[in-house]
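>>> Here is a sequence together with a model predicted from it:
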Amino acid sequence: MNNSLQNKKILITAGPTREYIDPVRFISNESSGKMGYAIAEALHKLGAEVYLISGPVTITTTFPKDKIIAIQTAKEMYLACKSLFGEIDIAIFCAAVADYTPKEVSEIKIKKIEDETTLVLKKNVDIALEFGKIKTEQQKSIGFALETNNILENAKAKLDKKNFDLIVVNSPNKNEGFGYDTNKISILTKNLALTEYALKNKHEVALDIVKVVEDII
Ligand code: C5P
């Protein structure tokens with residue numbers, strides 16, 4: 001085996017995060033982790049040293065389980081990533097990180113006493129944005145964008161803001177994105193080259209993404 005990704009240190013975030021309200025309740029999203037895990041599996045097979053930082057998922061994977069860094073909250077995902085930021089060559093931010101988290105977490109189960117209640121949320125740290133601020137010339141980062149409207153403009157804005165080298169764009173249509181086994185992506189590079197791909201199985205999509213990553217390192 002000899003390829004440009006062999007022995008490269010690659011961080012991948014995958015799956016959803018859980019933002020706890022009390023010990024048994026949380027806010028989350030429908031991310032299955034399938035896309036991130038498929039990329040991790042493909043890169044692992046190519047001999048890369050993959051750090052898979054994963055939110056709670058139920059997935060069957062060929063990726064070595066002892067190499068998965070399991071987290072629950074966005075804050076935990078950030079801290080796990082931060083400890084690796086200095087040593088990685090590539091970061092692939094595939095996780096659907098919750099944008100907001102409850103300002104206060106109750107230590108006990110909240111009782112249903114009032115007819116109405118308010119949950120105050122505060123912004124989570126943007127992991128990709130933080131890496132984008134400190135990454136070196138040699139380090140590369142890849143982001144994902146799930147867009148429903150103004151797809152390209154929004155993806156371009158995200159690419160710039162988070163200092164990504166590439167952004168993988170998908171839409172929440174049937175058979176694409178969250179939860180499905182298939183995905184239909186476009187990849188936008190820093191110099192605004194856009195490549196559109198056909199609807200494919202997420203393992204095939206992972207190979208397309210890996211090929212593009214090979215081109216930028
Ligand atoms: O801004 P938006 O959430 O759409 O950006 C998506 C990209 O940023 C994805 O690559 C996602 O993994 C990453 N992200 C992150 N930390 C957050 C929010 C998003 O790394 N708190």
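Yep, it's here.
>>> Helices of this structure, residue ranges please.
34-45, 74-85, 127-134, 151-161, 202-216 (DSSP state H).
>>> Could you look over these and pick the most buried one?
Neighbour counts (mean count of other C-beta atoms under 10 Å) averaged over each of the helices of the chain peak at helix 34-45, with a mean of 25. (C-beta placed from N, C-alpha, C; glycine too.)
>>> same for it, what does it pack against?
For helix 34-45, the packing partners by 3 or more C-beta pairs under 8 Å, 6 or more residues apart in numbering; DSSP states H and E come out as strand 9-14, strand 49-54, helix 202-216.
>>> Mind pulling up the pLDDT for Asn150?
Looking at Asn150, its pLDDT is 87.
>>> Read off the pLDDT value for Ala193.
Predicted confidence (pLDDT) for Ala193: 89.
>>> now do Thr117
pLDDT, Thr117: 93.
>>> Could you give the number of residues near it?
A count of neighbours around Thr117, defined by other C-beta atoms under 10 Å, yields 8.
>>> so what's it closest to, chain neighbours aside?
Ile110 (7.9 Å; C-beta to C-beta, 6 or more residues apart in numbering).
>>> Over to Ile187?
Of all residues not flanking Ile187 in the chain, Thr195 sits nearest, at 5.0 Å (C-beta to C-beta, 6+ apart).
>>> and what of Thr61?
That would be Tyr37: by C-beta to C-beta, 6+ apart, it lies 5.1 Å from Thr61.
>>> Run a quick check on the one you found versus Ile59, I expect a contact.
Yes. In this structure Tyr37 lies within contact range of Ile59 using C-beta atoms under 8 Å: 5.5 Å.
>>> Now for the two: what residues contact both?
Shared contacts of Tyr37 and Ile59, defined by C-beta atoms under 8 Å, 6 or more residues apart in numbering, are absent.
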